[in-house]
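Trainee: my questions are about this predicted structure, shown below with the sequence.
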Amino acid sequence: QVQLVESGGGSVQAGDSLRLSCVGSGGALSAYTVAWFRQAPGKEREFVTTSFRRTNTYYADSVKGRFTISRDNAKNTVYLQMNSLKPEDTAVYYCAASQTIILSRVRNADAYGYWGQGTQVTVSS
């Protein structure tokens, strides 16, 4: 059973960059589909991006071209590189993992069985 720990959040200005990390323990993340979700105050948790079975990546339209998901299997870590940040990117960011998810459900939070505790990202204008 894998445990996930996110880090790298912080407070930045619009246009800045941040890199979030999701470190796995108790299991190899290379065997999981790993995704990033975010939740802003008063809003539902929303899909950001996923690395599906280590090969295919998918992004929400709102972050396409600005965010990049990547893996470092040697470090058992999945990264979220966020560039050109906007105030509307402000949220708690969570990583999530699943070994059994199917492609049609990768954007659904309830399809992931493992979650980290989240890391806050605040972007000011």
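Mentor: Thanks, I have it.
Trainee: who is the nearest residue to Leu103 once chain neighbours are set aside paired with across the strands?
Mentor: Nearest-residue entry for Leu103: Phe52, 6.2 Å, with adjacent residues in sequence omitted and distances by Cβ to Cβ, 6 or more residues apart in numbering. For the C-beta atoms, the positions are set from N, CA and C on the backbone; glycine is no exception. Per DSSP bridges, the residues bridged to Phe52 are Asn56.
Trainee: and the gap between Phe52 and Trp115?
Mentor: Distance of Phe52 to Trp115, given as Cβ to Cβ, to the nearest Å: 17 Å.
Trainee: below-threshold pLDDT in the protein: ranges please.
Mentor: For the chain, no stretch has pLDDT under 70.
Trainee: please enumerate the strands of it.
Mentor: For the chain, strands defined by DSSP state E occupy the ranges 3-7, 10-13, 18-25, 33-39, 46-52, 56-59, 67-72, 77-82, 91-98, 114-115, 119-124.
Trainee: can I get these in JSON lines with mean neighbour count and distance to Ser104?
Mentor: As requested, those are exported to JSON lines (neighbours: other Cβ atoms under 10 Å; distance: least, Cβ to Cβ, whole Å):
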{"stretch": "strand 3-7", "mean neighbour count": "18", "distance to Ser104": "23"}
{"stretch": "strand 10-13", "mean neighbour count": "13", "distance to Ser104": "34"}
{"stretch": "strand 18-25", "mean neighbour count": "19", "distance to Ser104": "23"}
{"stretch": "strand 33-39", "mean neighbour count": "24", "distance to Ser104": "12"}
{"stretch": "strand 46-52", "mean neighbour count": "21", "distance to Ser104": "11"}
{"stretch": "strand 56-59", "mean neighbour count": "15", "distance to Ser104": "11"}
{"stretch": "strand 67-72", "mean neighbour count": "17", "distance to Ser104": "19"}
{"stretch": "strand 77-82", "mean neighbour count": "22", "distance to Ser104": "21"}
{"stretch": "strand 91-98", "mean neighbour count": "23", "distance to Ser104": "13"}
{"stretch": "strand 114-115", "mean neighbour count": "18", "distance to Ser104": "19"}
{"stretch": "strand 119-124", "mean neighbour count": "17", "distance to Ser104": "28"}
